[in-house]
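I need the structure of the sequence given here:
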Amino acid sequence: MRRAGCGAAAMTLAAALAVAPAAVVHAADGKPEAKSDSKPDAKAGADKKDESELLPLPADKTISQSIRSGGKTITYEATVGLIPVRNAKGKKIAEVVYTSYTIPGGAVSRPVTFAFNGGPGASSVYLNMGAIGPKRVPFGTAGDAPSDSAVTQDNPNTWLDMSDLVFIDPVGTGFSRSLEDEDTTKKDFYSTDADIKYLSRVVYDWLVKHGRLRAPKYVVGESYGGYRAPRIAYALQTEMGVGVSGLVMVSPYLDPAAVGDGDALSPLPWMINLPSMTAGNLERQGKLSAAAMNDVESYVRSQFVTDFLAGRSDPNAVGRIVQKVSAYTGLDPALVAKLDGRVDTNTYLREAHRAEKKIGSIYDSNVTAWDPFPSSSDRQSGDPILEALIAPTTSAMVDFVTREVGWKTDTHYEALSSNVNKLWDRGSPDDKPVAELRKAIANDAKMRVLIAHGYNDLSCPFFTSRLILDQMPAFGQERRVKLAVYPGGHMFYSRGASAAAFKADARTLFGAS
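Numbers count the residues shown, from 1 in each chain. Predicted coordinates for the structure are as follows:
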């Protein structure tokens, strides 16, 4: 299995990306253009896109809906619309489709929240219909299956009572599309800097289009979207002229160097993974709590590092690591001894459930599926969560857009695009969003940040964020930035109690901001 990266929808572990993007400018008219002035390049053959061959996307469509949340009925407008992306010469080069939920007649000061998922290559359906949108479809927990009904239900933990919501699908995801050939699309959209430039402009264009520049603005990003979020916030502040009141990062991918099983010379990846492995073991025993987790967190900061750096030349140090890691993970001490205490993620996910002939998900180690090849020495199956959520989320979103809203299109909805992920320019591993996070906080003394994780997530372990925040300057701690860790995994919000706790923390952030 190709390891999934940070994201409710990540396809591979995204490294930090950095290339110089092509300049793009935008228009906020939101009107579909039936025909392009572009001409096909004869030399490019079938690899070139001719916009005239693409059916035009529909005009924006709005319907009225209502839900019950918190004992109250909330009536809102659901809109599916698009924002065109133009290059420096004014030529339209892409169409970004968004889904928004707004309260009609709301005050100009009503907050508006922009949400992005990750991948790269994921649409925003996961945050929309799993976490904070007004409707949700169950996915991401034990027992969920691709054949489950795609019927949505009212989301009791929607954020719509606190803020209008705008879910943005980056180019190549959802119904959003490039109007350029593959090479130019990759240059203009599928790299870190290009991604931030056009998406921050899309946010600006939506605000202008809907007359919401005076509203408090919030940015939410999940997984690789958590990598995007602080960079978009900083770009909005310094390039678009739009202040951001609050930033929420959900299971964020913040430090590429820290994620993964890592090089044997560095203790950092092993330090980061062990607490999440321990959380999975504690949960299986019914013993998971913040107090129980304090023990392993203290251990990896102290004795583990000392013994790890002593290396295999010190048998006593290796022995101590084997004993502690076996106890924390619940794995067979003989197996852990063979690995000198260095338990990689794939080994943990398979061995923790081997007696049941099942495999755990990297997104939540206690969500399992049957191992189709239990006698194989290597894992040969996909991820239990990742492969189970594509069908219900895609079907639910397409049904909502085309049948309920009536925004009719024959194009395929890309909930999770392997093509975008494959084409993504991963650039330099030294490019990190933490610098933009620090600068955005330093630049605005009123801005607040919430970083949220699930204990069992091994794709983007919570301990990465813990260590990052411990190194933040004083201005970024305590009052301004909060780390919250909930039972569950990457999509901890799939569990009702964790979703409710997440909303409560978000409500505090909205109130403080």
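
Near residue 316, how many other residues are there?
9 (other Cβ atoms under 10 Å). Where you see a C-beta, it was placed from the backbone N, CA and C, and this is true even at glycine.

now do the one 3 residues further on
When neighbours are defined as other Cβ under 10 Å, residue 319 has 14 of them.

That one belongs to a helix?
Yes: under DSSP: H, G, I helix; E, B strand; the rest coil, residue 319 sits within a helix.

Quick check: it vs residue 128, distance?
50 Å (Cβ to Cβ, to the nearest Å).

go on, residue 283?
From residue 283 to residue 128 the distance is 27 Å (Cβ to Cβ).

Compare neighbour counts for these two and give me the winner.
Just comparing residue 283 and residue 128: by other Cβ under 10 Å the higher neighbour count belongs to residue 128, 28 against 19.

Secondary structure element for the residue nearest to that one when sequence neighbours are not counted, which one?
Distance criterion Cβ to Cβ, 6 or more residues apart in numbering; nearest residue to residue 128, sequence neighbours excluded, is residue 167 at 4.4 Å. Element membership for residue 167, per DSSP states H and E: strand 164-168.

Now do that strand: which elements does it pack against?
strand 92-102, strand 112-116, helix 192-209 (3 or more Cβ pairs under 8 Å, 6 or more residues apart in numbering; DSSP states H and E).

what distance separates the first one from the middle of the whole chain?
On the basis of Cα atoms, centre = their mean, to the nearest Å, strand 92-102 is displaced by 19 Å from the centre of the chain it belongs to.

what about the residue nearest to residue 97 when sequence neighbours are not counted, neighbour count?
Excluding its sequence neighbours, the residue lying closest to residue 97 (Cβ to Cβ, 6+ apart) is residue 175, at 4.3 Å. Neighbourhood size, residue 175 [other Cβ under 10 Å]: 25.

and residue 175, how far is that from residue 63?
17 Å.

Please apply the same query to residue 113.
20 Å.

hang on, the earlier thing: wait, which of the helices and strands packed on strand 164-168 is closest to residue 278?
strand 112-116 (30.5 Å; Cβ to Cβ).

Pull the distance from the closest one to the chain's centre.
13 Å.

same check, this time on stretch 224-231
With Cα atoms, centre = their mean, you get 8 Å for stretch 224-231.

hey, where'd the helices end up in the stretch 201-350 of the chain?
For the stretch 201-350 of the chain, the helices defined by DSSP state H, counting those that start in this stretch cover 224-235, 268-284, 290-301, 303-310, 315-329, 333-338, 345-351.

nearest to residue 453, of those helices?
Distance to residue 453, taken as Cβ to Cβ, is lowest for helix 268-284 among the helices of the stretch 201-350 of the chain, at 8.9 Å.

which of the residues in that closest one are buried?
268-283 (16 or more other Cβ atoms under 10 Å).

Could you do stretch 181-193 as well?
Neighbour-count burial for stretch 181-193 [16+ other Cβ under 10 Å]: 181, 184, 185, 186, 187, 188, 189, 190, 191, 192, 193.

and what of stretch 505-513?
Neighbour-count burial for stretch 505-513 [16+ other Cβ under 10 Å]: 505, 506, 509, 510, 513.

that older thread, buried deepest among the helices and strands packed on strand 164-168, which one?
Mean neighbour count (mean count of other Cβ atoms under 10 Å) peaks for strand 112-116 among the helices and strands packed on strand 164-168, with a mean of 27.

Now do the helix or strand just after it, average pLDDT.
Sequence order places helix 125-126 as the next helix or strand after strand 112-116, per DSSP H and E. Helix 125-126 carries an average pLDDT of 96.

which residues are in contact with helix 125-126?
Residues outside helix 125-126 that contact it (Cβ atoms under 8 Å, 6 or more residues apart in numbering): 8-9, 117, 167, 174, 222, 389, 393-394, 396-397, 415, 491.

rewinding a little: between the buried residues of stretch 505-513, which is nearest residue 487?
Nearest member of the buried residues of stretch 505-513 to residue 487, counting by Cβ to Cβ, is residue 505, at 14.0 Å.

In this structure the closest one contacts residue 450, no?
Yes: counting by Cβ atoms under 8 Å, residue 505 does reach residue 450; the two are 5.8 Å apart.

any common contacting residues for those two?
482, 484.

how near is residue 432 to residue 457?
19 Å.

What of residue 222?
11 Å.

between the two, which one's more packed in?
Neighbour count, other Cβ under 10 Å: between residue 222 and residue 457, residue 222 has more, with 36 against 26.

What sits closest to that one if chain neighbours are left out?
Per Cβ to Cβ, 6+ apart, closest to residue 222 is residue 250, 4.0 Å.

which regions of the stretch 151-300 of the chain sit below the pLDDT cut-off?
256-264 (pLDDT under 70).

rewinding a little: can you tell me which of the contacts of helix 125-126 are in helices?
389, 393, 394, 396, 397 (DSSP state H).

pLDDT, neighbour count and distance to residue 327 added to those, as TSV?
Listed next are the ones in helices among the contacts of helix 125-126 as TSV, based on pLDDT from 0 to 100; neighbours: other Cβ atoms under 10 Å; distance: Cβ to Cβ, whole Å:
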residue	pLDDT	neighbour count	distance to residue 327
389	89	29	33
393	93	25	38
394	94	20	42
396	94	25	42
397	95	26	44
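
Can you list the low-confidence ranges for the stretch 1-150 of the chain?
Looking at the stretch 1-150 of the chain by pLDDT under 70, you get 1-52.

Run through the strands of it in chain order.
Here the stretch 1-150 of the chain has its strands, by DSSP state E, counting those that start in this stretch, at 24-26, 61-69, 72-87, 92-102, 112-116, 135-136.

As JSON lines, those strands with distance to residue 160 would be great.
Formatted as JSON lines, the strands of the stretch 1-150 of the chain follow (distance: least, Cβ to Cβ, whole Å):
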{"stretch": "strand 24-26", "distance to residue 160": "26"}
{"stretch": "strand 61-69", "distance to residue 160": "7"}
{"stretch": "strand 72-87", "distance to residue 160": "6"}
{"stretch": "strand 92-102", "distance to residue 160": "6"}
{"stretch": "strand 112-116", "distance to residue 160": "9"}
{"stretch": "strand 135-136", "distance to residue 160": "10"}
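
closest to residue 485 out of the ones you listed?
Using Cβ to Cβ, the nearest of the strands of the stretch 1-150 of the chain to residue 485 is strand 112-116, at 20.7 Å.

Can you tell me the strand partners of that closest one and which way each runs?
strand 164-168 (parallel), strand 217-222 (parallel) (DSSP bridges).

Pick the most deeply packed of these.
strand 217-222 (a mean of 29).

Distance from the chain centre to that one, please.
For strand 217-222, the distance to the chain centre is 11 Å (Cα atoms, centre = their mean).

count of neighbours near residue 338?
Counted with other Cβ under 10 Å, residue 338 comes out at 10.

Kindly report the same for residue 58.
By other Cβ under 10 Å, neighbour count at residue 58 equals 19.

Show the pLDDT at the nearest residue to it once chain neighbours are set aside.
Of all residues not flanking residue 58 in the chain, residue 407 sits nearest, at 5.2 Å (Cβ to Cβ, 6+ apart). According to the prediction, residue 407 has pLDDT 97.

Residue 61 is in contact with residue 407, correct?
Yes: counting by Cβ under 8 Å, residue 407 does reach residue 61; the two are 4.4 Å apart.

Now the common contact residues for the two.
residue 80.

For the two, indicate the residue with more neighbours.
More crowded of residue 407 and residue 61, by other Cβ under 10 Å: residue 407, with 24 against 14.
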